[in-house]
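# Mind looking at a prediction? Sequence and model below.
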Amino acid sequence: MTGPHDRDRDYHPRIEELPERLDEQYIFTTKTLGFLIHPNIQITSPTARIADIGAGSGIWLLDVAGSLPPTCQFTGFDLTLSAFPPPETWPSNVLFKIHNMFLPFPASEVGIYDMVAVRFTSNVAARAEWTRSIANLMTLLKPGGWLQWIDSCNFALYNSAAGTSRAACQEIYDGLDLFRQKIDPVIGLMMREPSNLRRQDVFRELGLVDVHEDVFSSDRLQDREAKARDKGTRNIIVCFLRCLEGLVAVEGSGWTNHRIERLKEEAMREIDNGVYHTLDHVCIVGRKLDRW
């Protein structure tokens, strides 16, 4: 078996997402961003079609569908149906489908969407694979259609009280290094940005125009009554631990179920004592030329 320090190996955490955890993430993220659709994107057609990539539980798509005319059409795509809402609850203008964003879409989906929204599909994406996914998603767009990509990065830990430990939370985060060992990483929850990564250049090089990037710190959301900081920290630590569960079977990784359970207990005690995280939400938008 390949050892954990073989940097040519591409580790991709595969975790079964819980709809409740996805919905909680969505609430915090939407409050931080302050929008569902970026203000630069104007959806004016009463028959607009919108695709959601990485639809998860469908909560974003359903909220957008509720904010636009019922004559619009909405399609959510994800790798698995495990988090999709039950089909009997889908509004008549909403569909959910299984599809990998790196694979060509059926001809029936190509060139029909006014907007393609992507949310939190990359734990860590190398520039080449990110570029490939964007190019594939652009095939869904009509001329003049918009791509909106939202992801997170720059996770950091802080104390809110002097003398409290961050050791367990930090050990969890450091344990994700195997997933960060990509060539030229450009976006994703587990990465830190060493410099200006010029993600907008990728959009422009692929032919998108009116490109704009916003970065919002999760510290922007100061909702003490809802305990957003505490809940958000617990949510992300659980997410990271589930990623680490995938390393238990990797020979020489040093990860065991016992270690993960111990760290979970210690990390939750640290959060009880006021340790919290911040991260950056990145939103990049770009428009496909009117004539392609």
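Arrived safely.

# Need the distance between the two termini of stretch 67-79.
Between the start and the finish of stretch 67-79 there is a gap of 26 Å, counting by CA to CA, to the nearest Å.

# And the residue nearest the centre of the chain?
The residue lying closest to the centre of the chain (CA atoms, centre = their mean) is residue 120, at 0.9 Å.

# where does that residue sit relative to residue 242, distance-wise?
Shown here: residue 120 relative to residue 242, a distance of 14 Å by CB to CB, to the nearest Å. For glycine as for every other residue, the C-beta is placed from the backbone atoms N, C-alpha and C.

# what residues are up against the residue nearest to the centre of the chain?
With contacts taken as CB atoms under 8 Å, 6 or more residues apart in numbering, residue 120 has the following neighbours: 25, 54, 56, 150-152, 189.

# switch the cut-off to 10 Å
Each residue near residue 120 by CB atoms under 10 Å, 6 or more residues apart in numbering is listed here: 22, 25-26, 29, 54, 56, 60, 149-152, 188-189, 281.

# and these as CSV, adding pLDDT?
As requested, these are exported to CSV (pLDDT from 0 to 100):
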residue, pLDDT
22, 78
25, 81
26, 86
29, 88
54, 93
56, 91
60, 96
149, 98
150, 96
151, 94
152, 92
188, 91
189, 88
281, 93
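
# and those, which are buried?
The neighbour-count criterion (16 or more other CB atoms under 10 Å) marks 22, 25-26, 29, 54, 56, 60, 149-152, 188-189, 281 among those as buried.

# Between the residues you listed, which sits nearest residue 256?
Of all these, residue 256 sits closest to residue 189, with 23.7 Å by CB to CB.

# That closest one is in contact with residue 176, isn't it?
Yes. Checked against CB atoms under 10 Å, the pair residue 189 and residue 176 is within contact range at 9.1 Å.

# Can you get me a residue count around residue 214?
Per other CB atoms under 10 Å, the neighbour tally for residue 214 reads 16.

# Partner strands of the strand or helix carrying it and their direction?
Secondary structure from DSSP states H and E places residue 214 in strand 209-217. Looking at strand 209-217 with DSSP bridges, its paired strands and their directions are strand 276-287 (antiparallel).

# follow-up on the earlier one: quick one: which of the buried ones among the contacts of residue 120 sit in helices?
Using DSSP state H, the subset of the buried ones among the contacts of residue 120 located in helices is 22, 25-26, 29, 60.

# Which of those residues sits closest to residue 95?
Within these, distances to residue 95 taken as CB to CB reach their minimum at residue 60, with 14.6 Å.

# Tell me how far the closest one lies from residue 164.
Here the criterion is CB to CB. By it, residue 60 lies 35 Å from residue 164.

# how about the strands of the stretch 101-250 of the chain, start to end?
113-119, 125-126, 141-158, 185-187, 209-217 (DSSP state E, counting those that start in this stretch).

# Quick one, which of those strands gets closest to residue 228.
strand 209-217 (12.9 Å).

# Flag every buried residue along that closest one.
By neighbour count with 16+ other CB under 10 Å, strand 209-217 contains the buried residues 211, 214, 216.

# Adding pLDDT and distance to residue 268, write these out as a markdown table.
As requested, the buried residues of strand 209-217 are arranged in a markdown table below (pLDDT from 0 to 100; distance: CB to CB, whole Å):
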| residue | pLDDT | distance to residue 268 |
| --- | --- | --- |
| 211 | 98 | 41 |
| 214 | 96 | 32 |
| 216 | 93 | 27 |
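
# Now tabulate the residues you listed in a markdown table and tack on distance to residue 197.
Written out in a markdown table, the entries for those read as follows (distance: CB to CB, whole Å):
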| residue | distance to residue 197 |
| --- | --- |
| 211 | 14 |
| 214 | 14 |
| 216 | 16 |
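
# Closest one of these to residue 84?
Residue 84 has its nearest neighbour among these in residue 216, at 27.5 Å by CB to CB.

# And the closest residue to the closest one other than its chain neighbours, how far from residue 214?
Closest residue to residue 216 apart from its sequence neighbours, by CB to CB, 6 or more residues apart in numbering: residue 281 at 4.7 Å. Distance from residue 281 to residue 214, counting by CB to CB: 8 Å.
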